[in-house]
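Visitor: my questions are about this predicted structure, shown below with the sequence.
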Amino acid sequence: MAKKRKRLVGEYQLPPHVDKARQAAAARAAGWQWRPKPPQRRVILTGLGVSLLCVGMAAVFWLPSKSLVRDLRSRGVTSAAIVIDVDSKPKYVKVRLVSGPRAGDEVKLSDYAGMYPGAQVNVAMLVTYDPQEPSRLLSRDWVANPPPNLPAYGTAALALLCLSLTAAAALRRRRILRTSSPSAQPASSMKRKDLRRDETRPQRLSAEQ
């Protein structure tokens, strides 16, 4: 009885279905590429909402303060006053007018964008009030030379930062979605789909027969 010849390593052939599976896996590996995850839409909407909120806060800090200074400059009455109370919980400065038609009245200074001048009890100061609305008054120094509106500047800068980040996220989302659309898929991906279609076609023909 003749001995069975040993098959050399180079003469070995894979079964057809194994070879097709290997080719499909190689095609998938060649066509795969990492795609970054686009920013979610709710993140962009949240950033836009925070930007609008900061813009509103900046307007609240800026507009009333400027309106108060403008009115006091145009029709304000200056009077001497003495600080009678200073408190920071909540923060306020209370004075007693000692000159002018309202001498003897005790009133609280209006805030300038949430800020008050540094004052101590029993210290004299000059204030300017609105004769049409006596509750609106500031120290004369702040009417002549208002301090920097730091709250308005800070919230405006924060709004600009949030808006810039939101715009960058929106552009990134648009770019990622555009590159991952079917029309922008690489040729290797299309070849992989054609290979899959060719593999399933003989199975369909055998099933129909």
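Guide: Arrived safely, thanks for sending. Just so it is clear, the model here is predicted, and its values are computed rather than measured.
Visitor: now the lengthiest strand in the chain: how far from the chain's centre is it?
Guide: Ranked by number of residues, the top strand in the chain under DSSP state E is strand 77-88. Centroid separation between strand 77-88 and its chain, computed with Cα atoms, centre = their mean, to the nearest Å, is 41 Å.
Visitor: got it, and stretch 143-160?
Guide: Computed by Cα atoms, centre = their mean, the separation of stretch 143-160 from the middle of its chain amounts to 19 Å.
Visitor: can you mark which positions in it are buried?
Guide: Counting neighbours by 16 or more other Cβ atoms under 10 Å, one finds that the buried residues in stretch 143-160 are 143, 146, 149, 151-152, 155-156, 158-159. C-betas here are computed from N, CA, C, even on glycine.
Visitor: and the contacts of it?
Guide: For stretch 143-160, contacts defined as Cβ atoms under 8 Å, 6 or more residues apart in numbering pick out 51-52, 54-55, 57-58, 61-62, 65, 69, 72-73, 76, 112-115, 128.
Visitor: select only the buried ones of the residues you listed in ChimeraX?
Guide: Buried residues among the contacts of stretch 143-160 (16+ other Cβ under 10 Å), as a ChimeraX selection:
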select :51,54,55,57,58,61,62,65,69,72,76,112,113,115,128
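Visitor: which elements pack onto the longest strand of the chain?
Guide: Where contact means 3 or more Cβ pairs under 8 Å, 6 or more residues apart in numbering; DSSP states H and E, strand 77-88 is packed against strand 91-97, strand 124-129.
Visitor: export those to a markdown table and append columns for mean pLDDT and distance to L45.
Guide: Formatted as a markdown table, the helices and strands packed on strand 77-88 follow (pLDDT from 0 to 100; distance: least, Cβ to Cβ, whole Å):
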| stretch | mean pLDDT | distance to L45 |
| --- | --- | --- |
| strand 91-97 | 91 | 35 |
| strand 124-129 | 93 | 45 |
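Visitor: isn't I176 up against P36?
Guide: Yes. Contact criterion Cβ atoms under 8 Å: I176 and P36 qualify, at 5.9 Å.
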